[in-house]
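Student: Build me a model:
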Amino acid sequence: MRTKIIAGNLLTILAVGLGAYGMVKTNVEGAFAAEVDTRITTDYQLLSRSIALNGRELLGLVEQQAGTRPIQDVFGALDEASRRQRAFEGSQHVSTWLGDPARGRRGRPDITTIVDDTGHVVARDSDVNAMFGVDLGAQIPAIGAALHGNADVAVWESTQDNKALQVAVAPIRSEEGRILGALVVGYDLSNGLADSEGELVGRDVAFVWGERVYSSSLDGSRPAELTTYLFGAGATVTAAARDQATVSAPFVVALEGDEIVGVIGPLPSSTAHVAMVVLGNRSAQVAKASSVNFILLLTAIGALVIAAYGFFMGSSILAPIAQIEEGVLQVMNGRTDYRLDIQSQDFGGLAYRINQLLNVLTKTEEVDESGAVASGGGGGWSDQGRDASTVVSPDGGGPAASAGGPEEAEADPELAARLAAEPEDSYYARVYSEYVAAKQAVGENVSNIPQDKFVQRLRANEQSLQKKHGCRMVRFQVQTRGTQVNLKPVIIR
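Tutor: Here you go, the predicted model:
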């Protein structure tokens with residue numbers, strides 16, 4: 001039975017716990033995964049706007065510097081050497097100015113240069129002689145727009161430095177408004193830019209140029225694995241994004257064992273063969289559902305508690321039942337004096353009733369803790385006395401009747417002295433004879449009242465009352481009231 005109790009409770013809690021865990025985990029994982037899948041396109045749009053905003057902010061700063069006196073004075077020099085020196089110093093000044101943290105988090109530009117009204121480089125920062133005379137207008141269409149008065153942002157594929165840069169180009173005007181040249185400032189589409197943009201959108205970011213992942217916020221072997229996918233299984237969507245400015249549908253790629261959802265599309269304001277990718281880690285997102293594993297912990301704790309409680313409850317039920325079974329078996333095997341002694345709130349009452357039943361069946365009397373006789377009935381006899389004020393009926397002939405308190409029993413010193421002086425043998429014989437005669441007088445059957453048992457129970461009652469009242473002796477008198485014969489105790493101090 002104990003096993004059944006424990007097994008039933010365990011199966012219940014395990015079924016509820018594991019069922020709840022499975023349902024909650026499935027729903028939560030599905031919700032987290034769907035959150036990545038549904039937001040990845042929106043995240044790409046957010047990245048596109050962030051880069052566009054970054055470019056517009058840079059363009060505003062470049063326009064501001066293009067209108068300063070040191071930049072305008074470049075074209076006021078009388079000879080080529082002076083103009084180159086002024087262009088170099090002006091480029092250095094702009095590069096340092098933009099590198100000030102007060103201008104934002106871009107840092108110092110990768111290139112700052114001044115071109116003349118034909119698009120050729122006058123000088124750049126870092127090296128006065130570097131790139132002198134290079135036709136930069138042929139490489140960056142935005143320079144042509146600037147020489148026509150329109151500042152613009154573009155992506156420059158610098159084959160000379162093997163770099164892809166986001167550039168801002170602003171026209172340099174004379175005081176009369178004539179366009180003298182253009183100021184060009186460029187920042188590399190570096191890992192640092194990918195990291196900063198990735199932090200803004202909360203995703204990984206990569207830039208694709210040519211046939212490779214040019215830079216990214218990814219680490220480890222992930223950039224190489226992404227390159228393998230983009231120019232392997234995903235080559236079609238990569239080409240469409242890089243060459244045709246098409247934004248792809250979400251795709252799934254495995255990077256270092258993680259399931260990654262991504263979208264690839266063109267950089268904003270770019271005509272170059274450069275694309276950008278935004279990536280969401282579906283596996284990491286789904287891993288957030290691991291918090292529901294707490295349900296498993298609670299289920300395990302609950303199972304242990306239920307098992308312990310079931311073992312305890314099973315033992316508390318089975319132990320008394322085993323005692324009862326053993327006791328009944330003892331009686332069946334001939335021990336008619338055997339009685340159950342079970343200390344249990346739940347089974348104590350049952351044991352007591354079984355003992356009463358055994359008394360009836362075996363016609364055995366028992367004495368309770370106060371010394372009163374408990375009859376087995378059916379021809380037995382009982383003592384219902386509890387104190388000196390109670391009349392004792394040792395044969396079960398009826399309920400006890402009050403015969404006054406101890407003071408009344410002690411009121412006749414002569415009676416007390418006479419009873420105390422009477423020898424025990426003659427006293428018990430006399431009381432027995434008087435009791436039997438009184439019973440016969442009222443028409444009761446006395447064949448079931450043996451003298452030895454009568455004396456034995458009478459002694460037990462005397463000892464109980466003597467102990468209770470702290471007296472020297474207790475003797476009994478036979479009394480008849482109507483058809484009821486009882487014994488009245490007399491306290492002897």
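Student: what's the pLDDT at the residue nearest to residue 58 when sequence neighbours are not counted?
Tutor: Excluding the flanking residues, the one nearest residue 58 by C-beta to C-beta, 6 or more residues apart in numbering is residue 168, at 4.5 Å. Backbone N, C-alpha and C define where each C-beta goes, glycine included. As predicted, residue 168 sits at a pLDDT of 95.
Student: Find out how far the helix or strand hosting residue 318 is from the centre of the chain, if you would.
Tutor: Under the criterion of DSSP states H and E, residue 318 resides in helix 294-332. Its chain's average C-alpha position is 29 Å from that of helix 294-332, according to C-alpha atoms, centre = their mean, to the nearest Å.
Student: How about stretch 441-458?
Tutor: Centre-to-centre, stretch 441-458 and its host chain are 74 Å apart (C-alpha atoms, centre = their mean).
Student: what do you get for stretch 234-252?
Tutor: Put simply, stretch 234-252 sits 43 Å off its chain's centre (C-alpha atoms, centre = their mean).
Student: Next: stretch 102-111.
Tutor: 47 Å.
Student: picking that back up, tell me the buried residues in the helix holding residue 318?
Tutor: Residues of helix 294-332 classed as buried: 295, 299, 302-303, 306, 310, 314, 317, 320, 323-324, 327, 331 (neighbour count, 16 or more other C-beta atoms under 10 Å).
Student: again, but for stretch 217-232
Tutor: 217, 218, 222, 223, 225, 226, 227, 229, 230, 231.
Student: Would you quantify the distance from the residue lying closest to residue 150 once chain neighbours are set aside to residue 491?
Tutor: Spatial nearest neighbour of residue 150, excluding adjacent residues (C-beta to C-beta, 6+ apart): residue 171 at 7.6 Å. Separation of residue 171 from residue 491 (C-beta to C-beta, to the nearest Å) stands at 132 Å.
Student: what does residue 83 give?
Tutor: 140 Å.
Student: The two: which has the busier surroundings?
Tutor: residue 491 (23 against 19; other C-beta atoms under 10 Å).
Student: Could I get the phi/psi values of that one?
Tutor: The phi and psi values for residue 491, taken as degrees, to the nearest 10, are phi -80, psi 130.
Student: Number of residues surrounding residue 110?
Tutor: Count around residue 110 with other C-beta under 10 Å applied: 20.
Student: contacting residues for it?
Tutor: 163, 165, 186, 187, 188 (C-beta atoms under 8 Å, 6 or more residues apart in numbering).
Student: Disregarding residues adjacent in the polypeptide, which is nearest to it?
Tutor: Residue 110's closest residue in space is residue 188 (C-beta to C-beta, 6+ apart), at 4.6 Å.
Student: got a pLDDT number for the one you found?
Tutor: 95.
Student: Who does it form a beta bridge with?
Tutor: residue 165 (DSSP bridges).
Student: How many residues are close by it?
Tutor: Residue 188: 19 neighbours (other C-beta under 10 Å).
Student: Distance-wise, check it relative to residue 6.
Tutor: According to C-beta to C-beta, residue 188 stands 69 Å off from residue 6.
Student: same check, this time on residue 124
Tutor: According to C-beta to C-beta, residue 124 and residue 6 sit 83 Å apart.
Student: now do residue 193
Tutor: 63 Å.
Student: Residue 460 too?
Tutor: With distances taken as C-beta to C-beta, residue 460 is found 47 Å from residue 6.
Student: what residues are up against residue 260?
Tutor: 204, 252, 253, 254, 279, 280, 281, 282, 283.
Student: Kindly write the ChimeraX command that selects the buried subset of those.
Tutor: With 16+ other C-beta under 10 Å as the criterion, this ChimeraX line picks the buried residues out of the contacts of residue 260:
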select :204,253,279,280,281,282,283
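Student: Adding pLDDT, distance to residue 358 and secondary structure, write the contacts of residue 260 out as a markdown table.
Tutor: As requested, the contacts of residue 260 are arranged in a markdown table below (pLDDT from 0 to 100; distance: C-beta to C-beta, whole Å; DSSP: H, G, I helix; E, B strand; the rest coil):
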| residue | pLDDT | distance to residue 358 | secondary structure |
| --- | --- | --- | --- |
| 204 | 95 | 84 | strand |
| 252 | 92 | 80 | strand |
| 253 | 93 | 83 | strand |
| 254 | 93 | 79 | strand |
| 279 | 94 | 84 | strand |
| 280 | 91 | 80 | strand |
| 281 | 88 | 77 | strand |
| 282 | 85 | 75 | helix |
| 283 | 84 | 73 | helix |
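Student: Can I get the contacts of residue 260 in JSON lines including distance to residue 147?
Tutor: Below are these laid out as JSON lines (distance: C-beta to C-beta, whole Å):
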{"residue": "204", "distance to residue 147": "38"}
{"residue": "252", "distance to residue 147": "46"}
{"residue": "253", "distance to residue 147": "43"}
{"residue": "254", "distance to residue 147": "48"}
{"residue": "279", "distance to residue 147": "39"}
{"residue": "280", "distance to residue 147": "42"}
{"residue": "281", "distance to residue 147": "45"}
{"residue": "282", "distance to residue 147": "48"}
{"residue": "283", "distance to residue 147": "51"}
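Student: got the buried residues of stretch 217-232 as TSV, with secondary structure columns?
Tutor: Listed next are the buried residues of stretch 217-232 as TSV, based on DSSP: H, G, I helix; E, B strand; the rest coil:
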residue	secondary structure
217	coil
218	coil
222	helix
223	helix
225	helix
226	helix
227	helix
229	helix
230	helix
231	coil
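Student: Spit out the contact partners of residue 473.
Tutor: Contacts of residue 473 (C-beta under 8 Å, 6+ apart): 419, 420, 462, 466, 492.
Student: farthest-separated two in those?
Tutor: 419 and 466 (13.4 Å; C-beta to C-beta).
Student: Closest to residue 481 out of the buried residues of helix 294-332?
Tutor: Closest to residue 481, out of all of these and judged by C-beta to C-beta, is residue 331, at 38.1 Å.
Student: any idea which helix is longest in the protein?
Tutor: helix 2-66 (DSSP state H).
Student: Which residues does the closest residue to residue 272 other than its chain neighbours form beta bridges with?
Tutor: Leaving aside its sequence neighbours, residue 272 sits nearest to residue 155 (C-beta to C-beta, 6+ apart; 4.1 Å). Assessed by DSSP bridges, residue 155 has beta-bridge partners residue 166.
Student: Surely residue 155 is in contact with residue 168, unless I've mixed up the numbering?
Tutor: No - counting by C-beta atoms under 8 Å, residue 155 does not reach residue 168; the two are 11.1 Å apart.
Student: neighbour count winner among those two?
Tutor: residue 168 (28 against 24).
Student: Make sure I have this right: residue 486 is in a strand.
Tutor: Yes - the assignment for residue 486, made by three-state DSSP, places it in a strand.
Student: measure it to residue 442 for me?
Tutor: 11 Å.
Student: what comes up buried for whichever strand or helix holds residue 241?
Tutor: Taking DSSP H and E as the criterion, residue 241 maps to helix 235-244. By neighbour count on 16+ other C-beta under 10 Å, the buried set for helix 235-244 is 237, 238, 240, 241, 242.
Student: show me what contacts the residue nearest to residue 110?
Tutor: Residue 188 neighbours (C-beta under 8 Å, 6+ apart): 110, 163, 164, 165, 215.
Student: if we go to 6 Å?
Tutor: 110, 163, 165 (C-beta atoms under 6 Å, 6 or more residues apart in numbering).
Student: Tell me the one of the contacts of residue 473 nearest residue 360?
Tutor: Closest to residue 360, out of all of the contacts of residue 473 and judged by C-beta to C-beta, is residue 462, at 26.2 Å.
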